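Mind looking at a prediction? Sequence and model below.
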Amino acid sequence: MDDSEYARSKVIEIASAMLDGSMRPLLGARNLVGYFFRLQKEIDPKTFNFIRGVSSECDGLPIGEERKYWAEDALRQKDAKALDYENRIRSELMQIAAELREKFTPRQAS
């Protein structure tokens, strides 16, 4: 599997996790960015910029593994901020996740 194929499979995995609720959409956006750089020619620039912007907005938010290093008081405050932001962009994020999964899922030969 070459680098592009691997990146496509990770995009499918992340998008599917976002859609089935096993990955928080904000975390999904953060995780997608690295793979988008490998697939830049295959990703619509509007989608690329939106996901990059979401990831950037999440820089100070403990939404992944880093949560274990945060104090409970600080987590409550940051969680409220993250939830508010996520609620405002959720539908667009989920639409993008569905489009990405569709775009990169290999078609079965008939």
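Happy to help now that I have it.

Low-confidence regions, this structure specifically.
For the chain, residues meeting the criterion pLDDT under 70 lie at 109-110.

same thing but 90
In the predicted model of the chain, residues 1-2, 37, 40, 106-110 satisfy pLDDT under 90.

in it, which spans are helices?
Per DSSP state H, the chain has helices spanning 3-20, 25-38, 45-57, 72-104. These are given in chain order.

What is the longest one packed up against?
Identification of packing neighbours for helix 72-104 by 3 or more Cβ pairs under 8 Å, 6 or more residues apart in numbering; DSSP states H and E yields helix 3-20, helix 25-38, helix 45-57. For every residue, glycine as well, the C-beta is placed using N, CA and C.

between the helices of the chain, which one is nearest to Ile63?
Ranking the helices of the chain by distance to Ile63, with Cβ to Cβ as the measure, places helix 25-38 first at 4.9 Å.

how much distance is there from that closest one to the middle of the chain?
Relative to its parent chain, helix 25-38 has a centroid offset of 4 Å by Cα atoms, centre = their mean, to the nearest Å.

before we move on, the earlier item: which of the helices of the chain sits most buried?
Between those, the one whose residues have the most neighbours on average, counting mean count of other Cβ atoms under 10 Å, is helix 25-38 (a mean of 21).

Would you mind getting the angle between it and helix 45-57?
Interaxial angle, helix 25-38 versus helix 45-57 (axes from the mean of the first three to the mean of the last three Cα atoms, to 10 degrees): 130 degrees.

who touches helix 25-38?
Taking Cβ atoms under 8 Å, 6 or more residues apart in numbering as the criterion, the residues outside helix 25-38 that touch it are 3-4, 7, 10-11, 14-15, 17-18, 23, 43, 48, 51-52, 54-55, 58, 61, 63-64, 82, 85-86, 89-90, 93-94, 97, 100.

Cool, thanks, talk later.
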